[in-house]
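Novice: Got a sequence here, can you model it:
(one chain, ligands or ions: 3)
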Amino acid sequence: MTQTLTSILKRNLCAGCGLCESLGASEGIRMDYDAKGFLRPQFSGPISKALDEQIGRVCPGANLDMQVPAAEQTILWGPIRTAWTGCSTREDLRHRASSGGALSGMLMHLLTSGKADCVVQITASTTHPTRNQMVISRNSREVHEAAGSRYAPSAPLADIVRILEGGERVAFVGKPCDVAGLTNLLRDKPALARNLVAKISFMCGGIPSQTGTAEILKRLGMADKEIASFRFRGDGWPGGVKAVATTGEVGTMSYPDSWGGILSGRVQFRCKICPDGTGGFADLVFADAWHGDDRGYPSFVEADGRSMILARTALGEALLADGIAAGDIVADPLDPSEIAGMQPSQANRKRLVTSRLAAMTLFGRARPRYKGLRLGEASSQAPFKLRLHNFLGLVRRLWRGTEG
Ligand SMILES: Cc1cc2nc3c(=O)[nH]c(=O)nc-3n(C[C@H](O)[C@H](O)[C@H](O)COP(=O)(O)OP(=O)(O)OC[C@H]3O[C@@H](n4cnc5c(N)ncnc54)[C@H](O)[C@@H]3O)c2cc1C
Ligand code: SF4
Ligand code: SF4
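Specialist: Numbers count the residues shown, from 1 in each chain. Ligands and ions are numbered 1, 2, ... in the order given. Reported below is the predicted structural model:
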């Protein structure tokens with residue numbers, strides 16, 4: 001019996017979080033790259049009905065249920081208790097990280113203050129440096145090593161059940177869909193929440209296929225080189241790609257050229273209909289607090305790193321306050337009305353998801369179950385012409401079979 005899991009994969013709703021491997025490893029499910037370069041659950045035999053039904057309940061690709069009352073959510077950004085811009089107080093971390101290193105600064109605080117024993121997060125693969133792997137970090141050095149965004153498939157939930165059953169106090173970092181998957185899991189198995197210290201996420205524009213990284217190397221003339229290390233961002237804000245071959249040869253590419261020119265065009269289908277790229281299910285969410293350019297668009301001119309920080313729950317608010325009081329993070333209050341100027345793509349996607357879902361309905365494609373995310377109100381903020389454009393755009397891609 002693999003009816004539900006097969007249907008999620010056939011409908012192209014998988015986000016690649018790895019949760020089904022964690023639940024079903026004993027029945028032969030494991031994450032691996034598919035032909036398009038995305039991490040997907042692979043299995044050869046049938047799986048039990050109980051497991052298939054459980055995956056149907058917890059898979060974040062197919063189910064998002066925001067249970068925070070609408071009155072306690074902003075339309076575009078979900079639940080916000082407090083909003084900030086800030087950075088890590090460690091200058092080396094601020095420089096190495098994606099934005100201001102506030103996320104990693106928070107992780108270091110959780111470990112050094114004794115609130116958490118370990119952090120489950122993503123870092124570069126030790127065997128294939130262009131790929132990602134889940135790592136359990138236990139000290140500031142390991143968190144420092146993992147800092148920086150990696151625009152390639154990641155499955156941080158692939159072993160989460162075993163880790164949460166292990167007795168250590170765990171802080172989890174993942175994409176918004178990973179955190180939503182963890183939230184679904186904890187609703188299904190509440191006892192696992194006992195050892196979870198916090199759910200931490202970042203705003204996410206989408207996971208590109210591993211072919212995006214290959215294309216970057218090709219354009220750098222390094223496609224046939226053995227790669228010793230590969231970073232997508234960091235070492236400055238926004239920083240850029242840095243590929244180092246085992247021969248010592250170094251290739252670099254700016255953030256606008258790598259993300260804007262290559263990676264953003266290769267994101268998986270589920271990301272194009274993602275209603276929660278802003279991490280509404282997390283306790284704390286971090287993002288780029290971009291400064292505006294002359295036209296009001298985010299400026300990618302190199303600057304000192306600055307993270308946006310949203311505390312979404314009482315727990316997140318308290319942990320952040322502790323991190324600031326301990327001197328691990330510095331932060332200034334941010335008026336939530338300024339978020340849209342820093343994150344225009346996230347605002348637009350939330351406004352346009354409903355139009356894209358309508359295109360799926362037209363094609364008889366079963367849609368994910370999205371509940372409590374204020375999508376109707378977000379949609380009404382978008383001009384009719386833009387909604388129509390997005391509806392027709394997805395209709396065209398679904399018709400041609402090029403939706404991603
Ligand atoms: C695929 C992707 C898309 C993103 N899209 C946006 C966006 O649209 N808008 C925006 O403001 N920010 C986006 N970011 C996040 C942004 O780049 C910064 O991570 C965020 O601003 C926090 O910066 P920081 O310096 O505080 O984080 P850091 O201190 O650099 O910490 C980054 C954390 O992210 C984790 N991480 C890195 N790559 C992955 C991955 N692939 N999967 C799971 N965890 C990972 C690391 O383990 C680390 O804990 C994206 C990141 C990724 C990986
Ligand atoms: S989104 Fe996660 S739980 Fe759902 S099928 Fe994909 S890997 Fe499995
Ligand atoms: S855009 Fe949404 S579905 Fe895609 S990786 Fe990010 S959080 Fe997951």
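
Novice: I'd like to know how many residues surround the residue in the stretch 301-404 of the chain positioned nearest to ligand 2.
Specialist: Going by Cβ to the nearest ligand atom, ligand 2 is nearest to residue 368 of the stretch 301-404 of the chain, at 9.9 Å. For the C-beta atoms, the positions are set from N, CA and C on the backbone; glycine is no exception. Residue 368 has 20 neighbours, counted by other Cβ atoms under 10 Å.

Novice: I'd say it and residue 65 touch.
Specialist: No - judged on Cβ atoms under 8 Å, residue 368 makes no contact with residue 65 at a distance of 10.7 Å.

Novice: So out of everything in the stretch 1-150 of the chain, what residue is nearest ligand 3?
Specialist: residue 15 (4.2 Å).

Novice: what ranges do the helices span in the stretch 251-400 of the chain?
Specialist: 255, 269-272, 314-325, 339-342, 344-362, 375-379, 384-400 (DSSP state H, counting those that start in this stretch).

Novice: pLDDT score assigned to the residue lying farthest from the centre of the chain?
Specialist: Taking Cα atoms, centre = their mean, the residue of the chain most remote from its mean C-alpha position is residue 247, at 32.6 Å. At residue 247, the model reports a pLDDT of 96.

Novice: do the one 4 residues further on as well
Specialist: The score at residue 251 is 97. That number is its pLDDT.

Novice: residues contacting it?
Specialist: 217, 220-222, 241-243, 245 (Cβ atoms under 8 Å, 6 or more residues apart in numbering).

Novice: I figured residue 184 was touching residue 56, is that so?
Specialist: No - applying Cβ under 8 Å, one finds residue 184 not in contact with residue 56, separated by 10.4 Å.

Novice: Now the common contact residues for these two.
Specialist: With Cβ under 8 Å, 6+ apart as the test, residue 184 and residue 56 both reach residue 63.

Novice: Between those two, tell me which one has more neighbours.
Specialist: residue 184 (22 against 15).

Novice: check contacts around that one.
Specialist: Residue 184 neighbours (Cβ under 8 Å, 6+ apart): 19, 57-60, 63, 65.

Novice: Now it: which helix or strand?
Specialist: Residue 184 belongs to helix 176-188 when assigned by DSSP states H and E.

Novice: touching ligand 3 at all, that helix?
Specialist: Yes - counting by Cβ under 6 Å from any ligand atom, ligand 3 is contacted by helix 176-188 at 176-177.

Novice: Mind listing what's buried along stretch 188-203?
Specialist: Within stretch 188-203, the residues that count as buried by 16 or more other Cβ atoms under 10 Å are 192, 195-203.
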